[in-house]
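**Student:** coordinates only, sequence not included:
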């Protein structure tokens, strides 16, 4: 049974490869719309000759020598700009403060959303006369809460990476 399935799979794969190498036809309808097809049975279709695929192999690298094996690789080119330690600490401090501010904002937003959501039963508004609109708003509120929780989680993870 397994041999039969494997054989059938092989035949299907071989057909797929042959199908992928089929002729391509450019068909133009009455409105002048161009369409590419794999059959030219329709009126206004002409076979398109496509160039073959060119494959260029990667160059062969010389084997590593003892000199290149022992050499350290730098993170960047030698003329790459360097930042002094004080400037980098100031940047890190600014980044940390920005992340903490964003976290505080997102936590406040989450508290407001949860208060409005009211454990899945937000108050109905006057413009929500039918129940479907109310359910739609409730679903959107739930999605907003989930998105805000994910944002808070990401900000906390980012802050923990700084320490």
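**Tutor:** Nice, thanks for sending it over. Keep in mind it's a predicted model, so treat the numbers as computed, not measured.

**Student:** in the protein, which helix or strand is least confident?
**Tutor:** helix 66-70 (a mean of 52; mean pLDDT, DSSP states H and E).

**Student:** Tell me which stretches of the protein form strands.
**Tutor:** 24-28, 34-37, 45-48 (DSSP state E).

**Student:** Tell me which of those is the most buried.
**Tutor:** strand 24-28 (a mean of 15; mean count of other Cβ atoms under 10 Å). (C-beta placed from N, C-alpha, C; glycine too.)

**Student:** so which of the strands of the chain comes closest to residue 57?
**Tutor:** Evaluated over those, closeness to residue 57 peaks at strand 24-28, with 26.8 Å, by Cβ to Cβ.

**Student:** So residue 109 is in contact with residue 149, correct?
**Tutor:** No - applying Cβ atoms under 8 Å, one finds residue 109 not in contact with residue 149, separated by 10.3 Å.

**Student:** coming back round to it: mean pLDDT and distance to residue 115 added to the strands of the chain, as TSV?
**Tutor:** Formatted as TSV, the strands of the chain follow (pLDDT from 0 to 100; distance: least, Cβ to Cβ, whole Å):
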stretch	mean pLDDT	distance to residue 115
strand 24-28	86	60
strand 34-37	84	56
strand 45-48	86	63
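
**Student:** mind putting the ones you listed in JSON lines, distance to residue 123 included?
**Tutor:** Below are those laid out as JSON lines (distance: least, Cβ to Cβ, whole Å):
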{"stretch": "strand 24-28", "distance to residue 123": "59"}
{"stretch": "strand 34-37", "distance to residue 123": "54"}
{"stretch": "strand 45-48", "distance to residue 123": "63"}
